[in-house]
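In: Model the structure of this input:
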Amino acid sequence: MQFGRLHPAAVPIYEVKLKWSTSVYYMDYVDEKPNGDKQNFIINLILVLEESTLDSPVETEIIQGGVGFNFTTLRLSCLHYDGFESRNAQI
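Out: Residues are numbered from 1 along each chain as shown. The predicted model follows:
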């Protein structure tokens, strides 16, 4: 799932591999800079790669923030979660 587009001068500001064992998972990201750091990053692309081998796909929604902001909350959900196998994704 992709939100936004990649700017030619863009650099990754956050990458994470997730593993969860529920039907819904919320992932938060906030670009928190130490005091005095004047460089602020704005999200211009969110890319979610599902790495699970299960039949039911993971759906991703932006709950708040996202492209154009320096924070986001993503909701990753699976409609047919059986409760036995964990889901995997890379963001």
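In: okay, CA-based contacts and neighbour counts for the rest of this
Out: OK.
In: What residues are bridge-paired with residue 18?
Out: residue 89 (DSSP bridges).
In: what is the rounded mean pLDDT of stretch 50-68?
Out: Averaged across stretch 50-68, the pLDDT comes to 83.
In: Figure out how far that stretch is from the centre of its chain.
Out: How far stretch 50-68 lies from its chain's middle: 7 Å, per CA atoms, centre = their mean, to the nearest Å.
In: So for that stretch, first residue to last residue, what's the gap.
Out: 23 Å (CA to CA, to the nearest Å).
In: what's it in contact with?
Out: 1, 3-4, 42-46, 48, 71-81, 86-90 (CA atoms under 8 Å, 6 or more residues apart in numbering).
In: nearest residue to residue 77 other than its sequence neighbours?
Out: Excluding the flanking residues, the one nearest residue 77 by CA to CA, 6 or more residues apart in numbering is residue 24, at 4.4 Å.
In: who are the neighbours in contact with the one you found?
Out: Residue 24 touches 75, 76, 77, 78, counting by CA under 8 Å, 6+ apart.
In: before we move on, the earlier item: pull out the buried residues from the contacts of stretch 50-68.
Out: The neighbour-count criterion (16 or more other CA atoms under 10 Å) marks 3, 43-46, 48, 71-78, 81, 86-89 among the contacts of stretch 50-68 as buried.
In: For residue 7, which non-adjacent residue is closest in space?
Out: residue 44 (7.3 Å).
In: OK, contacts around that neighbour?
Out: Counted by CA under 8 Å, 6+ apart, residue 44 has contacts 4, 5, 6, 7, 67, 68.
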